[in-house]
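Trainee: What shape does this take:
(one chain, ligands or ions: 1)
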Amino acid sequence: MKLTFDYNNMMDSSIGAHGIKKSEIDGAADLHAAAYSEVLSNSGKGWQEWTESPMISDAEVAELNAFGKSIRDKASSFVVLGIGGSALGPICVFNALLHLHHNELPSNVRKAPKLYVEDNIDPERMSALLDVIDVKTTYFNVITKSGETSETLSQFIILYNALKKAVGETAAKEHIFVTTTIGKGSLYNVAVKEGFKIFGIPAGVGGRFSVLSNVGLVPFAVMGVNIADMLRGARAMREACERKNITENPALMTAFLQVKSMESGKNISVMMPYADGLRTMADFYCQIWAESLGKAVDKSGKSVYCGQTPAKSLGVTDQHSQVQLYTEGPFDKVVTFIGVQSFGSTVDIPADESADVGNFLKGNTLNELITAERKATEFALTKAGRSNYTIMLPEVTAETVGELLMYYMYVTAFAGAYLNIDTFNQPGVEEGKKATFAMIGRSGYEQKLEELNSAVKSDCYIIK
Ligand code: PA5
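Mentor: As a prediction, the model looks like this:
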């Protein structure tokens, strides 16, 4: 494992009264053992099939890479259609591993098509996409585990229609490949009928745990991301997360400290990466943490209304926006800093004698400045008695990103086990989905429409 985890600033020895005592960790041995066994005994089973994602064979990786290259070599643009777990993993990996201005690079430098991950149905965004891509040379990966998600299906219908108009019925089929559950769902049926290439998603891999399955691997292969390295990193992290002793297992330790903090009223979990490439890692984290742990009942059916609200922040940008609140506001947060030891570029702040400004900065590098600011913020929060811990990446590579993704899947699974909840369902989003179907006129939802219409009946509290 290449990542390191420093939990000192979660402890009372560093932050005083709001910290966790060593005796609290040591005294919860039974809880650690139960959480550990809950996750490890279900490894690879039920909804925990994601633990197996990094175990695919070299031959499978080679096949994915060959397919990816075949698309990369002919595409001017590559569009991913998906939402939630079918988009946030790919977005965060591309953000971390592609050039930060990938689409603006000249094509001979870019070496991969322009990339668009469309995870919203704002009509202006769809029109804007159609304004900038040439559908004739664009390839589309439609990703939906259920094959039924309205947002993704509507995007697919619009773009397949545009493709057929632009290149004709037969050629259009070559521009679309789908990632979905084999044998299930509307998209699968259409894909079979139309003859699209289909990549499967294992039944026990839920959306927010799917980034290392074909949901992520197919688009990564298209964009030339080093899948083999990413899976190697994920496997190394899996090994670390299978260590029995909490003091050696980063995911078990994080889960316990977060749950313990939650129990003492720290209901907000801030992720603050100090690297632009890791900015959207916080989006991935927000989804997996919120959707997995925000639950009304525990496994015995008892009302628990648990969860910790995830919040995203970017170092150093949000030092000038949110850090005041983190330092002096309520003691209701745990801040996770993510630091990078060695950045992909080094930028000097030159000793320019002609500009008599910022002399204390001259001769340093931006690398030194961002590192100093991360450590300074960590110091300030610690001094103010605020819970924080730091994850360090030696550098942002496919391997370390693979480690980080796998770590967060394990942390979430362990946290759910400590809380004794169902980590892998999302009953709270189903009602909204059904109401959407009703309003859009899907058959079978007539009763829901009646319920909706009868619910909206008051003009009170509306300001016009
Ligand atoms: O984590 C989840 O299960 C969800 O966020 C889903 O990924 C999201 O609702 C999209 O679902 P689907 O992949 O079926 O289109």
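
Trainee: What about whatever residue of the chain ends up closest to the ligand, how many residues nearby?
Mentor: Using CB to the nearest ligand atom, Gly207 is the residue of the chain that sits closest to the ligand, at 2.1 Å. For every residue, glycine as well, the C-beta is placed using N, CA and C. Neighbourhood size, Gly207 [other CB atoms under 10 Å]: 26.

Trainee: what residues are up against it?
Mentor: Going by CB atoms under 8 Å, 6 or more residues apart in numbering, Gly207 touches 84-86, 145, 215.

Trainee: Show me what from the stretch 301-450 of the chain comes close to the ligand.
Mentor: Gln426 (CB under 6 Å from any ligand atom).

Trainee: Do a quick rundown of the helices in the stretch 301-450 of the chain.
Mentor: Using DSSP state H, counting those that start in this stretch, the helices of the stretch 301-450 of the chain run over 323-328, 366-383, 398-419, 427-440, 446-455.

Trainee: Dump those into CSV; add mean pLDDT, mean neighbour count and distance to Ser127 as well.
Mentor: As requested, those are arranged in CSV below (pLDDT from 0 to 100; neighbours: other CB atoms under 10 Å; distance: least, CB to CB, whole Å):
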stretch, mean pLDDT, mean neighbour count, distance to Ser127
helix 323-328, 97, 15, 37
helix 366-383, 97, 16, 37
helix 398-419, 98, 25, 33
helix 427-440, 89, 13, 20
helix 446-455, 88, 12, 29
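
Trainee: thinking again about what came up before, skipping its backbone neighbours, what lies nearest the residue of the chain closest to the ligand in space?
Mentor: Gly85 (2.4 Å; CB to CB, 6 or more residues apart in numbering).

Trainee: And that neighbour, its phi and psi?
Mentor: The phi and psi values for Gly85, taken as degrees, to the nearest 10, are phi -60, psi -20.

Trainee: Tell me how many other residues crowd it.
Mentor: Residues contacting Gly85 under the criterion other CB under 10 Å number 26.

Trainee: which residue is nearest the centroid of this protein?
Mentor: Phe284 (1.7 Å; CA atoms, centre = their mean).

Trainee: helix, strand or coil for that one?
Mentor: helix (DSSP: H, G, I helix; E, B strand; the rest coil).

Trainee: Let me see the contact set for it.
Mentor: Contacts of Phe284 (CB under 8 Å, 6+ apart): 88-89, 91-92, 211, 405, 408.

Trainee: Could you single out the nearest of those to Lys362?
Mentor: Within the contacts of Phe284, distances to Lys362 taken as CB to CB reach their minimum at Cys92, with 35.0 Å.

Trainee: Can you name the residues that contact that closest one?
Mentor: Neighbours of Cys92 in contact, by CB under 8 Å, 6+ apart: 211, 278, 280-281, 283-284, 405.

Trainee: Next: Gly216.
Mentor: 89-90, 93, 210.

Trainee: Just give the nearest non-adjacent residue to Gln322, would you?
Mentor: Among residues not flanking Gln322 along the chain, Ser313 sits closest, at 5.4 Å (CB to CB, 6+ apart).

Trainee: What about the one you found, how many residues nearby?
Mentor: Number of residues near Ser313 (other CB under 10 Å) recorded here: 21.

Trainee: next one: Ala29
Mentor: Counted with other CB under 10 Å, Ala29 comes out at 10.

Trainee: re earlier: in helices, which of the contacts of Gly207 appear?
Mentor: Among the contacts of Gly207, the ones falling in helices (DSSP state H) are Val215.
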